[in-house]
Structures are given as structure tokens and as C-alpha cells.
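Colleague: Give the three-dimensional model of this entry:
(chains A, B, C and D)
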Amino acid sequence: MPNALEAKPLIKPVSMITGAAWGLLKRPTLPSGTNGMVVVAAGLALLLITVALLAPVLAPFDPDQQKLLARLKPPVGFERANLTYLLGTDQLGRDLLSRCLYGLRLTLALALLGTLVGLVIGVGLGLAAGLLGGVVDAVIMGLVDIKLSLPFTLVALLVIALAGTDIAVLIGVLGIAYWAHFTRLVRAQVLSLRELPYVEAARASGGSGWRIATTHMLPNIISPILVMMSLNFSNLILLESSLSFLGLGVQPPTATLGSMVGQGRDYMASAPWIVAVPALLIVLVSLAAMLMGDFLRDRFDVRLRER
Amino acid sequence: MTAQSMKTLLAAALTTTALVSSVGAQELKVGVQNMAPWLDPGRDFSNVGSQFYFNTFDPMIGKDHTKVESVWEPGLATSWKQTSPTAIELKIRQGVTFHNGDPMTVEDVVFSLDRIINATFPPYTVRQRDTLPNMAKVEAVDAETIRVTAKKPEPLFETLLNVQQTMIVPKKYIMGLTGDPAVAEPSDFEAFALKPVGTGPYKIVEFVPNQKLVYERFDRFWGAKAPFQRVVVQRIPELSSRITALKNGEADLITNVPPDQLDIIAGDGKLKVEGMQTPLFHVVIFNTQNPKMADKRLRQALSYAIDRRMLNEALWSGKAKVPTSHTFEQFGALYMPELNTFEYNPEKAKQLLKEAGYDGFPIRYDIQAAYYTNGLLAAQAIREMWAEVGVKMEINVTEQWTGSDPTMMARGWSNPMYFPDPAGSFGIMWAPTGNSATEGRFRPDATYAEIWDRFRFSTDLVARKRAFAELMQAIKNDPPVLPLYQPYESYGLKQTISWRPLPGHIPYVLDFRAGRIATASN
Amino acid sequence: MVEFLVARVLRVVVTLWAIISLVFIATRLTGNPIDFLMPEGLDAQSRQEMIAYWGLDRPTLEQYLLFWRSLMTGDFGLGLMERRPVAAIFGERLGQSASLLLATLALTVAVGVPAGIAAAIWRRSIRGTAVLVVAFLGYAIPNFVLAILLVLIFSLSLHWLPSAGSASLTHYVMPTIALSAYFVAGLTRYTRDAMLDVLSQDYMRTARAKGLSEAAVVLRHGLRNALIPVVTVLGLQITTLVSGAVVIETVFAWHGVGDLLVGATLRRDYPVLQFGVLVVAGAVVVVNIAVDLAYAAIDPRVRLAGA
Amino acid sequence: MTPLLAIDRLSVDFRSQGRPVSAVKNLSLSIQPGEAVAIVGESGSGKSVTALSVMRLIEREGGIISRGAIRLRERNEVHDLLQLPEAQMRRIRGNVVSMIFQEPMTCLNPVMTIGQQLAEVLMLHEGLARGAAYAAAQHMLDRVRLSDAAGRLKQYPHELSGGMRQRVMIAMALLCRPQLLIADEPTTALDVTVQAQILGLIRELQRELGMAVLFISHDLGVVAEVAERVVVMRQGESIEENASVELYARPQQKYTKALIAAVPRLGAERAPETVPDQKPVLTVEGLVKRFPVRKGPLKKLVGHVHAVENVSFEIRAGETLALVGESGCGKSTTGRALMKLIEPTSGSITIAGQDVTHLPRSAMQTVRRNVQMIFQDPYASLNPRLSALDLVTEPLIIHEPQMTREERRARASALLRQVGLDDEHLDRYPHQFSGGQRQRLCIARALCLKPQLIVADEPVSALDVSVQAQVLDLMRDLQRELGLAYLFISHDMGVVERMSHRVAVMYLGQIVEIGPAGAVLGSPRHPYTRRLLASVPIPDPSRRSRAITLDDGELPSPVRRLGDDPSTPPLVPVGPAHFVQNSSNFSADPYTQGSLPQPAILTVEQCC
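Modeller: This is a model prediction of the structure:
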């Protein structure tokens, strides 16, 4: 009969992986009472993704198509509104609803791909540092030091200056924004997992380094990685908008939520709807991402599932 | 935080009791989009710096800036007379004092002009080439007279002795700034640009590069005393913040208000908007030497495809001016709106494209993100207009000057009027020795050069007019440039302040001299 | 302690060297400053003369060696744009940036830590969820949107606060809030999780078993333990803070380093950029050492070892 | 006489997935002033819940006191603690009733000095000023016989050993001279010699101060040492209560009998007979393992942790050699070195006739078939993400990759049956097993390749006594069936006695005594062995009167300066196959000179 006290040892392996890294992963934890919130977030995430995928179907107009004489029309319900444009038009007379839909789509894609790039680089280096140790570890951690001492804005500026403002470059830029976080996380996890009896048991059984890394380590750091991915995802959404603020985001006229907000910010007083809807979408997306990360962790963490 | 900055902070906290202070007649607060990195009228050519020089420096020959056309007035020269087609003699004003207390002498004047005309300091050399290439030397005739000699006959002596680049600076002060006080070293000029001293009605008491400029009334100014005891110019780059600063009383006057925002200011009973079609063209330039852009029919088509009236309606609420040719009203007799160099004709554009065999390759259009008001918006609108005739444009937002980049295809740019003559606007940019030609994106032929010489150095006005018309025809035929419009430059200010931009100035000048600005008595 | 510092400084020197070299090379690959500093264009000959005047016509390697030589003598060169010693340029702005960052840090800690504690203590109630949701929102809004929103509300509409500049303490209010929002959110989450971790520790039960009041238990016994991970996180936020400051400085016309650095990068103002990177990386290093010292001060188990 | 504490029909529930689960059911219990009462039970029996209910701390852990009363007499007043407002309750905690806990390592606040943590209590309850509180605290530390009390006040918990910390905990609990001390498994986490010290201390202080003690333990042996009356709890209920002498002599309930039977009784059970001579499966010669201690930015080598120092022994097929000693003595390091989980510094290891000392990793594959390992913590030694099937057959995946999944499944099901589990367990994950079952899984995994030798590192120390017995029985059965040899690493003398043919006692990295189990445990020759055996609690209250004459000393540190290598006196025979190290090395303290502080741990690990 499990009671709370007896259940305690179940958490032991978790607390053994304490260390600051694990602490960090636990950060986005929500109180158990907020399960409802997570459900809402999951629904929201699903809705946003669906809407984004269906953008070409849902959007009434080409997102880049201008109607210069119908500039700055407010959304339906306001004075001067034009019923053709449900959410109004922007500074070039483009349909905001269509731009929001396509912008959401591209933003999600950028953040996702950026996250994946960061993930691949970060996890790879983290595993290498943690498993190989020695000089490799020193060099990788040196790179991490460098990365963490440079303000990212500067790095982004330089990379864009070097490689141009292609979408692919932008994804790369977003990708290198947080690789070091993954690296540190994975390395710390590997180092603490390495001491765990079951890893030791696998070594005692003669398991190769590769097998230990893939079978015993990776699956056990997936949940922290997932949580960090979700955090990362929402950070990238914000980062993309910051880059747009500095004029470094995606090239006009292509719409992303960030570029819509960044380029529309001058109109916040005179035509606030230009910024309001994409800004709201940014908030929703990043909120949903953070909450989803939490949800995913609970979902995938075998240890936590039945508690 | 250092103890010092802590102290400053506390002091600031104690002194700021009222957040929203009223306009004291003694102080004017100005919010600008950009502040200059240094201030030296002689080497400056930028839209940012030109805002600030007129309050602090004087040229030899003055001008009535309320008039559109050039009406010369005595400046630091009380009188002048052209002694030959290549020489002019000027009597310098007596009793003029620099802000540092030194009297202005003929030495200073010669030094000021000579530092440009016979420049050794590279930043001055640049200006010598684009503004004063025809000047040969400057010398003191006696203690009150100087003589300027030109290489070829010079029809524009007055104009050139009025430009910002020939404003008078103190010789002794500059030479004494660094190193040997008897020699003008480059470091002297660099130091001067951070601690500028002139003869104008306002002296600069504080200058924080890229951030802040404080003028104070100069009581020993030779002319009418400045209306304000203090003028504080503060950089507020973000538009929303700049407008807010005005509405919030943190600024009495703000610059660079795009047309879309005018209603917000005009709708406030305490505020108003002033503006003017500024003598500057936003232009599209082409790299005629890029193999892809070599066919002049392609460039003609791109020019015909842009509906500039539409751009004006949409982006400038119709307030900007769509030109027919590369010409400004300020040119006076040389203003030639009758030339029909640039026009909108999409059908013709399509036809030309067909003739040129345009195969749909994308045209890269370089543009800075925020340097030109509405620049990025215009680029996107032009993209649509080109698309209408079947041309694909890729916008490339970059802070880099790509004018000398062989891969450049098209680019947004501006052609300001540096001085009121076609030579001071079109000429600076498109002369056979101008930067467009030397940077290699514009290759005028010998005929063009010959027409140019006729235009530039004829002392006969009619000959100059005719030559300019020929130049425009050449441009129309093989276009390297397309003026979009003269932007309507707007300023937001308090109702209580009477000030407006004057047509006689070059673009962006903030003229706070006596008679040009006043506060209502409240 | 001395050993710790020596080891740290050694590592720092290597890191800084790598960073500066990277920046040096990257900037020189991305175009000539002349093309960024003279947007109005130049005739070809003048262009060459200006390049020569700025010393940029010399071979890159020579420039690189020269740069290090002058660095050794404490000469950091002249900014290309402002034409004055970069040390002076930074001297003018460092105080401004530092005071804004300190204010932000202070506000972040002053709000984030109590909010985190509250969220931990109220983890099962709606109040705790509310604290977290507010924190999440601060996290999810792009900071320039928040900044402009603040300006529009508190300056434009209410006329309560000045919108631009840094002349008085009231000028600090909005930039500090706008810059803090993201970090408060982060810190709240970190503190909450650290506190939750601490709340379940055995020594907290011991403290209660002594008869201590709940406040004494949480604040005296819990807080200091919870601060350990929190301090680490704060240290890591410092570069992010500099990046975030760029945007905030622009909106509030703040004469700070962030604005300078972005400008210098955009214009390829090498000397300013190089010095700036050095300053920021140096600051990061100093902060990290400070964090380690604080860490050691908070946690007696930590011994500063040469690492 | 009114009891000091009367628990009256107490019921405590926990909410698990929305359903209430009772942890304590209808428990009644009383304690007279000055009386020592013990609650005994295995994990989950509700004993700790009861203790925390008395302190009214159980609500914080999620418990709900659903029924009953807990009456505490304070002078002439009787409070029902369950009705008392929190403020009143706080006055009682640490003052009238105080409590010490199982884990002295984690129960002290790591960032406060000992002095702060002690003085705090006095300042709170007695209103003492700082100075006075510190003086009183120092006095109390003297009282619990902690050396250098004045210096300790300024130290932090991590600077003290486990035993010292438990002394601090006791001092803290006794500062206000409570009427009742609740001791919840106070010695479970301690080494046996330290346990004996602490038990002695509690007994002595109880007598001196005349306080009542509620002693909570899973270990009937420990309980026998302190309690006058024993309550046996099972699944939240009290099933038997009696004076301890009576209870041990004549247990009424079957469960109580089983519990008593499960306790190893040193000397009571005959060691298993020696097995006929076989070829040695494992031979260890002069094994040395040293860990470098480095300091400074250049990581200068300044000394070594002498974890294993010149250890030699052999194990024959079908034989169990126990490696006993206290924490830090090098027994686990020896085991890990044999497995080549760490590289030995010197010496030689021969497994099944093959010298593996310097075998490269790749060549270890075949050797590993012959030797497998079982770890202490069955919770941590199973990858939580693999099913029982994958866990048990993991060695097969490594060593016989050609095997199909069906074959592995068949093998796994056979293995599970062999260790007493069913096929239905195959697809379960570790968290769905109990501790004992998990250890069975670990054993199944170790058996998978049919090894000749299993290194079992504290295989039962994390398990309840009753489960311990089952696992030990299983291991012995398997040994008989399969002719396995065990290297059985343990600190628990009772378990060792039950399992092993031969015993090797380790102290500071060296084997100080080795020989047949009966001889070593029955007539120990080395003073350390004697001390170890004397410390083992005896589950017979009638024999409690024996004086524990242990000093309060601490184990010396195995860290030594560079060049200051310890001497390893040879083992001399004292009986048939019974060898002992010259004990002069032990009595003299060779470490005062060469001792270094603990290696500076690489701290300030940067995290993201």
C-alpha cells in the first residue's frame, strides 16, 4: 500500500540527479493544481498549430498583397472599418488577418527549426563533453564560456552581416542562440547520470560507451531536454521579434509575428491594431509553449507518470 | 556604479521636482531622431549634422532663408565683389568674436576656407572633391579682405561661400587643441569636431556625441541675439517615445514625424505640426554597370513602373512632391519643372521589358532599415508596383552602403540639395567626377562630360539651363536614378512656439536664430 | 581563494582572447566600415584615402597584431564614428548602463524572490497560480512592446512619467520595469522551484520541530538555501540583460552601452565593437566571479577551488 | 499515574490519487514520564507517521489526522495536541516534546552554523540572549560528548561526520530539557560502531534527564538496546504491545515472531559449512587503489586518498567471501576495482584464471560474462526507462547480440521465475516493483550470463528486514543451485554471518582480519574486529546490561600527503585459514601527522 512516506524512495533517483542543471530543468514546473492550465495550454497550442497549418486555406488574401489606398483600416467593429478586412489593414494596406495567419505559421516554423538546430548542436556537444571528457570537454566548455560571455544580439548581428538575411541564416541564428544551454544541461546530466548505479550496472555488464549513451543516458535526459526545448521555443519567438525590432529579422515583406510587431511599433499610438494582434499571438504562443513543456515532461517521464 | 554617477543620480533626483515642466521662454527642448557623432561643418555632409550647424556657425555670405530662391545677404563678409570670372574678393566683418573669446580675423577666414580647398586632412579632402573642386586658393589681401580664386570660371561663388562646408572656424583655437599649437594636425581637427567653436548666435556648451547637444545664447554675437538662453537637443530615436516626449512636455519640438503620425499631434490642442516639402529627393538608383542591369530599357521600364503619385498619396498623404525632373524650386532660374524626365506609364514599362527580354530574374533592392522616413515602406510598395509589370524584387535591408558594390542592382537613396543649384544636388551625385561615376555604378560617356562642363562652368544662365536640360535627357535615356518624391518633412511642436522649417535652407536645418523662432507670451 | 581567483583569471584571459579574436576576424569579414559610416556615398579616391586614414588599409594580420600591442599599452584606439578614444566613449555610457542594470537587478530580486517564495508557499492555492501566471505574462511579452506600452500608458496618456532620457530617478521607473519583466518572471520561477525543493528538505522539518514559526522556518532556514541556485541563475542572466538592454535603451533614449554596441556592430565601428565586447565579456566574467563568491558566502559547503 | 503522552485511537490518512489511504489506524499508545517506548515496524507501517502526528508536523507532509486524540501532560495540565492552536503547538515543539530524525546528514541546515542552529532553540523557547544561548549550547554539546564543543559551534554541518551530526541533533533536541524525546530511526544511517555510541548516549541521557523516549525503528536489535516497552506496528495498526523483555521472549503475533526471526543474531546462527576445495574463481593480489588529491590552479598533486591498500584474497567457486567494514573503509572500492569499473592503481586481479588487471576495455567483454555485480540501491540501479525484460536481458543484448527478442523473452521469463517473479512482470517498469522485487530483478540481471562470481555490494541494506531475509535466502539458494561464488560486501555483521563462508574485515583500505566466518565472528582477534562486533546491537533486551565501552572517537581519514604511504603489516595466521594483521598499527594513530583535510571538492559547478 503506497503512502506518501513509502512513495518517497521513488523520487530518490530524481533527487540524486540534483545538481544545478536538474534544478534548472525543474524550473518550469507548475503546481499540480494547475493541471487545468496545462490542458488549456495544450488546447491552445493545438489550435495555434492547426490555424498556422491551415493559413493558406483560412487567409482571405495574399499576405503580401497591398492596397495602398486602404491603409491602416481598423478591425471590424471600429469606426472607419472596412468589412473586407476583419482585423483591419496595416501600413501598406495589407490584410492583417492574412498576415497574422501566415506570420504565425512562419514564426512557429522558425522557432521550431531554430530550436532543433540548437538542440542538435547543443546536445551533440554536451554528450561529447560529458562522455569524452578531457581536452574535448575543456574545448567545448571553453566555447560555452565564449558563447555565454557574448551578448547574443551582437552575435546575431555579426552572423547576419556575414551570411546575409536569408530565412536559412535566420534559422541558424536562432539555432545558435541557446545551444550552450543545451550543452551545459546535457553535460551536467551526463556527469551526474554517469555516477548512477544503473549506468554503472550497464558498464559492469560490459556495455559500450555508445550503448550507455544511447540506451541509458539519452532517454533519461529527454525530459529535461524537452522542458528546455519548450522554454527555448518561447525564447526564440521573443528573440525573433527582438531581431525584427533591430531590423534583422526576416526580410520584408514576409510576415512573421515578430516582424509585424517590430515594423508596426511606430503605429502603436495611432493604429494599435497593427501590433495588438501579432503581439497577443506572440504572448499566446510562448505561453502555450512553456506550459506545454511542462505537460510534455509529465507525459514522458515514466517515473512521474504514476505518482 | 561609480561614486560620481551615484552623485549625479542623486542630484538629478533632487532637482527634478516637476516631471512635466512648462516651456520656459529661456529654454527650448528639442527631441531629434538622430544626434551627430561629431560636429564640424567643414567635413560634414550628412542629414544628421546639417541640423545643427546653422545655430553655431556663420558662412561668409549669408542668405535670406525665408525665400525659396537665393537672396544673398552679408554674413561674416560685409561685402564682396567678383573681380574676374575666377576670383572674388570679400571684406570681412569687423568685431566678430568666436565663442571662445578670440576675435575673428582674416587669418581665421583664410584658414577656414583653405583647410577645405587645399585639404590634407582626408575628411576635408572628401568635401573638397565634391563641393569645392573648382577652387584654387584663398588668400588675405589685407587685414580686412580675402580673395578666393577658382580654377575655371565660377558662376557659383556666392553659393559656395554660403555652404555649410565653408563656415568660418577659429584657427588659433583649432591649432592649439592638440600637439604643436602652430600646426594644424589631423588630431586638431578631430578634437575640434568634439568641441566645436564658431561665431554664431549659440555656442555649444555640451556635446555628447550621438546623444545630446546643448546650445547657449552667445551674448557677443555680432548679429541679433539668440531668442533662447538655452536649447537642449536630445536624441530620442524611437518614434513613439519622441511623440510621447512632445505630448508629455519633455520636448518642445520634435523632428522626423512621419505623415501617418501627424494626426496624433495635430489632434492635441496644445500641439501643432509644421512641415515642408524639403529640398531633397528620395531616389531609386540603379547599378548601370551590373551586367543584369545593363540594358537601359530595363531601367527605363523600372522607372516607368513606379506610380509615384500613388506613393505620395499612400505614404505621405499627398503632402510630398512628385517631381517631373531632378530639380528643386530653390534653384530659382534653374528650376525646370517643365522637363518631363520621369513619368509613370506601366504599359510602356511592360513593352520595354519585353523588348529588353527581361526573363524574370529577381532584382535586389537594397535599403536601410530606418534611415529614410517611409523608406522601407516605399520599397515594399515599389515591389508591388514592379510586380504589376512582371518584375520580381527582393528587398535587402542593410545598413551597408552598397553604392560601390558591383553586385548592387537597385537601391534606395537620397539626393539632398547641398546648395541651391543643380550642381549642388544633381551635380554632387551625378557629375562625371561625382561619387556615382567614381564608384562605378554610373558610367557617363564623353558627351555627358562635355555637357556637364558646359552646365557647370558657363557663366551664362541660359547656356547652363540648356545644358542641364540636355543632361536630363541623357538621364532619361539611360537612367541611373529615379527621384521618387520630395518628402514632406514634419515637425511636432507646442502651439506656443512659432517656428517652421524654411525653404531657403538646405534640408533638415534647425534654425533657431533671432526672428526664426519665438514663443508666445505664456 | 587566491588559487580560485588565479585559476579563474587564467581561464578568463583565454576566453577573452578567443572572443576578441573571433570578433576581430568576424567584423573584418563583413565589409568595410566606410560603407557603413558614410551612407551618402563617397567618390572612389576619397574612399581609399579615408580607409588609409583610419588605418584599415593595412593587412588584417598587421591590424590584429597592432590591436593587441596597443591593447597592452592600454590604448584602445579611436572610435571610427565618433573619432575619439573608445575608452572615453564607453566612460560616458558605462555609468548609465550600470545604473540601469543595477536598478533592474535590484527590482528583479526585490520582486522575483518574494514572488517565487509566495508561489512556492501557495503552491496549492489559486494565489500561487496567479503569481505564476503574472510571471509568465511578463516573460511572454516582447520587451519592446511592453516598453512602448508603458510609454503610451504612463507618459502619453497619464503624463505620470517621463518617456525619454535618464536625467532623474523617475526616468528609471519604466526602463527598469520593462527590462525587469522578463527576468522577474524567470527569477520567480527559479525561486519557486528552489524554494519548493528546499521546503521538502529534512532540515526544514527539523526547524519546525524546534517550534520555530513558519515565517522563521521559511525565511531563516529556507531562503538562504533557496538562494543558492537563484544566485547562479542571476549571474547567467547578465549577458541576456545586456542584450535586452539594447532594445530598452532605444525605446527610452537611454544613453547606454547596449545602444552603442548595436550601433557599432551595425556600422562596423571595429574599435568600439572590440572594446565593447571586451567590456561586456569582462563584466560577465566579473559578475560570474562575484556569483561564485556569493555562492561561497551563502553556501559554506562550497569551497572555491581552482577549476 | 497519568501518562505523559497518551495517543488515543489515532487515525491518519493520506490522499493518494484522490483516494484516502490510511497510514495509521486506530492507534492507541501511552508513555509514562521517563519511560522508553519503542515503535517497531517496517517501512509503511505508520510508525513515522505516528511520530510526526505527535509533533503535529504530519499535516505538512500531506497527512490528514482523521480521528483520535493525542494528550500530552505538561505539569498539571493535559492538552490534546490535536486541538491545540498552532502557536501553542510551536511552544511545545522543541521544548516539551522534541524530535530527532533518521538522516543527520540532511536534517541540519547546511548553511547555518551548529551554534546558530542550537542557540536558535534557546533564544526561542527560553528567551535567552545570544551569548547565553551559545554558552548553553556549548554546554549541551559537551554533554553529548562532542569533542571541542566551542569550536563546533562555529562549524557547519558538512564539516562534521555523521555521528557527530547526530550528536548535534540530540543536543539540539535536549536543549530545553524536553519531557519527551521522539527518536525516529536515529541510528539507521550510521555505521555500526557509531550507532552503538549514539544508542549508548541516548540511554545515558534519558537516565540522567529523566525524560521519556519514544523510539522508532525498523530494527528489533536496536530497539532491544533502548526500549522498556515495545509496540509492533504493521500496516498502520498496533498489533502487539508488551514490555520488551517479555516481547522478545514470548512474541504473541506471527508477524512479531517473523520479525524477530528475521533479525540476524550474531553468534546465534551457525555460519554455513565451508565448501569443498575448488579452483579459485577470483584471486586478488596486492590490490591498491589511490585517488589523487589535487590542489591549486595547476591541479598540483598533493596527496592521495588511500582507498584500497595492498589487499589480497581469493574466492573459490560456491563460496561466499564477505568484505565487512564501515563506510569509507574501501570495501566498495575493492568491489568496483574487481569489476574494472575503476582502474586499480596496482596489484593483480585474476578472474577465472585470466589476469584482468590491465585488460583493455574491449577485452573485458568475455571476462564480464564470468563476473557480475549487484548494487546496494535497487531503486537507482535499474534504468527507470527500460522494462523488466530489457533490464534483465541487457547483458545478453551486449554479449549475445545475435539473440532474437523472442529468445531473450524466453530467457528473461526463465530468469524471473528463478528469482521468484512471474512472466507478468516482464513488461513492467522499475517503478512498478517494490524494493525487494527490484533487487530480485538486479539478481536476475546478474544471473543472465550465468557468471561464476557475483560481486554483491550491500545488496540488502536498502531493504526491510523481512524482505532482506527473503533476498538473502534467494541468494543462498542460487548459490547452491548454480555453484556461484559471491563477494559479499556489507557493513551488517548479522547479514554477513548468515551469508558467508569466510569474512574479511577491512579498515582504512586494508584487510585487518580474514578467515572462516565462524572464527572471525566467533573469536575475533583484531581489535577493530572486536570493536565492530561489540557494536552490533543484540536483539535481546535481557542482555542489554552489557556495558558498551566504546570511546567517542572518529575514524581517521584515508587522505594522506604525497610520499606518506601507510604501512601494511603482513597478515599472520592465528588459526586454520584465519589471518590477522599486526594490531600495533591500529592502536597507534598513524594519521595525525599525515592527515590532510578532505579533498577540495570541485565546487561551484556552473550550470546553465
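
Colleague: C:Q63: neighbour count?
Modeller: Look at C:Q63: counted by other Cβ atoms under 10 Å in any protein chain shown, it has 16 neighbours. Bear in mind the C-beta positions are built from the backbone N, C-alpha and C, glycine included.

Colleague: Let's verify it: helix, strand, or coil?
Modeller: helix (DSSP: H, G, I helix; E, B strand; the rest coil).

Colleague: Repeat that for D:N26.
Modeller: Using three-state DSSP, the structure places D:N26 in strand.

Colleague: what's the answer for B:T78, then?
Modeller: strand.

Colleague: And the pLDDT at it?
Modeller: pLDDT for B:T78: 95.

Colleague: Does it touch B:I92 like I think?
Modeller: Yes - the criterion here is Cβ atoms under 8 Å, and B:T78 meets it with B:I92 at 7.2 Å.

Colleague: Who has more neighbours out of the two?
Modeller: B:I92 (24 against 13).

Colleague: wait, does stretch C:249-259 contact chain B?
Modeller: Yes - Stretch C:249-259 is in contact with chain B by Cβ under 8 Å from any Cβ of the partner chain, via C:250-253, C:255.

Colleague: Tell me which two of the residues you listed sit farthest apart.
Modeller: Farthest-apart pair in the residues of stretch C:249-259 next to chain B is C:V251 and C:H255; separation 13.1 Å (Cβ to Cβ).

Colleague: the more surrounded of those two?
Modeller: Between C:V251 and C:H255, counted using other Cβ under 10 Å, the more crowded position is C:V251 (27 against 23).

Colleague: If we ignore the residues flanking it in sequence, what's nearest that one?
Modeller: Leaving aside its sequence neighbours, C:V251 sits nearest to C:A147 (Cβ to Cβ, 6 or more residues apart in numbering or on different chains; 4.2 Å).

Colleague: Which pLDDT does the model give that neighbour?
Modeller: The model reports C:A147 with a pLDDT of 89.

Colleague: just the one 3 residues further on next, same as before
Modeller: Confidence at C:L150, expressed as pLDDT, is 90.

Colleague: try D:R546
Modeller: pLDDT at D:R546 comes out at 48.

Colleague: Same question for the one 3 residues further on.
Modeller: You'll see D:T549 listed with a pLDDT of 49.

Colleague: what does A:L87 give?
Modeller: Looking at A:L87, the pLDDT reads 87.

Colleague: how close does it get to chain C?
Modeller: 17 Å (Cβ to the nearest Cβ, to the nearest Å).

Colleague: Contacts only, for that residue.
Modeller: A:L87 makes contact with A:75-76, A:95-97, A:100, A:273, A:277, according to Cβ atoms under 8 Å, 6 or more residues apart in numbering or on different chains.

Colleague: Out of those, which end up buried?
Modeller: A:75, A:95-97, A:100, A:273, A:277 (16 or more other Cβ atoms under 10 Å in any protein chain shown).

Colleague: now, which of those residues sits nearest A:P219?
Modeller: Nearest to A:P219 out of the buried ones among the contacts of A:L87 is A:C100 (Cβ to Cβ; 38.6 Å).

Colleague: and that closest one, what element?
Modeller: Using DSSP states H and E, the element containing A:C100 is helix A:96-132.

Colleague: Quick one: mean pLDDT over that helix.
Modeller: So the average pLDDT for helix A:96-132 ends up being 92.

Colleague: Give the buried residues for that helix.
Modeller: Residues A:96-108, A:110-119, A:121-123, A:125-131 are the ones in helix A:96-132 that count as buried (16+ other Cβ under 10 Å).

Colleague: Backbone torsions only: list them for C:K210.
Modeller: Dihedral angles phi and psi of C:K210 (degrees, to the nearest 10) take the values phi -80, psi -10.

Colleague: Report how many residues lie close to it.
Modeller: 26.

Colleague: Chain A versus the nearest residue to B:P155 once chain neighbours are set aside, what's the distance?
Modeller: Nearest residue to B:P155, sequence neighbours excluded (Cβ to Cβ, 6+ apart): B:T459, at 4.8 Å. Distance, B:T459 to chain A, by Cβ to the nearest Cβ: 46 Å.

Colleague: Look at B:T459 and report its pLDDT.
Modeller: We have a pLDDT of 87 for B:T459.

Colleague: Setting aside sequence neighbours, what's the nearest residue to D:S490?
Modeller: Sequence neighbours aside, D:V496 is the residue nearest to D:S490 in space, at 5.2 Å (criterion: Cβ to Cβ, 6+ apart).

Colleague: now for the helix or strand hosting the one you found, which elements pack on it?
Modeller: Using DSSP H and E, D:V496 maps to helix D:493-499. On a contact count with 3 or more Cβ pairs under 8 Å, 6 or more residues apart in numbering or on different chains; DSSP states H and E, helix D:493-499 meets strand D:320-324, helix D:465-482, strand D:485-490, helix D:517-522.

Colleague: Could you check how far the residue nearest the centre of chain A is from D:S327?
Modeller: Taking Cα atoms, centre = their mean, the centroid of chain A lies closest to A:F233, which sits 0.4 Å from it. Distance of A:F233 to D:S327, given as Cβ to Cβ, to the nearest Å: 45 Å.

Colleague: Can you tell me how far the closest residue to chain B within the stretch 101-250 of chain A is from chain C?
Modeller: At 3.2 Å from chain B, A:G247 is the closest residue in the stretch 101-250 of chain A, using Cβ to the nearest Cβ. The spacing between A:G247 and chain C, counted by Cβ to the nearest Cβ, is 9 Å.

Colleague: Surely that residue touches B:A369?
Modeller: Yes - with contact defined as Cβ under 8 Å, A:G247 reaches B:A369; the gap is 3.2 Å.

Colleague: Near chain C, which residues of the stretch 151-300 of chain A are found?
Modeller: A:151-154, A:157-158, A:161-162, A:234, A:238, A:241-242, A:245-246, A:258, A:261-262, A:265, A:268-269, A:275, A:279, A:282-284, A:286-287, A:290-291.

Colleague: pLDDT at B:M175, what is it?
Modeller: Note on B:M175: pLDDT of 95.

Colleague: ignore the last one, B:T2
Modeller: pLDDT, read off for B:T2, is 50.

Colleague: Show residues contacting stretch B:391-399.
Modeller: Applying Cβ under 8 Å, 6+ apart, the external contacts of stretch B:391-399 come out as A:165, A:247, A:251-253, B:301-302, B:305, B:353, B:358, B:360-369, B:371, B:376, B:379-380, B:382-383, B:386-387, B:410, C:36, C:39, C:266-267.

Colleague: follow-up on the earlier one: just give me the closest of the contacts of A:L87 to D:V288.
Modeller: Nearest to D:V288 among the contacts of A:L87: A:C100, at 71.1 Å, using Cβ to Cβ.

Colleague: so where does the nearest residue to the closest one once chain neighbours are set aside fall, helix or strand?
Modeller: In this structure, A:C100 finds its nearest non-sequential neighbour in A:V277, 5.4 Å apart by Cβ to Cβ, 6+ apart. Taking DSSP H and E as the definition, A:V277 sits inside helix A:273-300.
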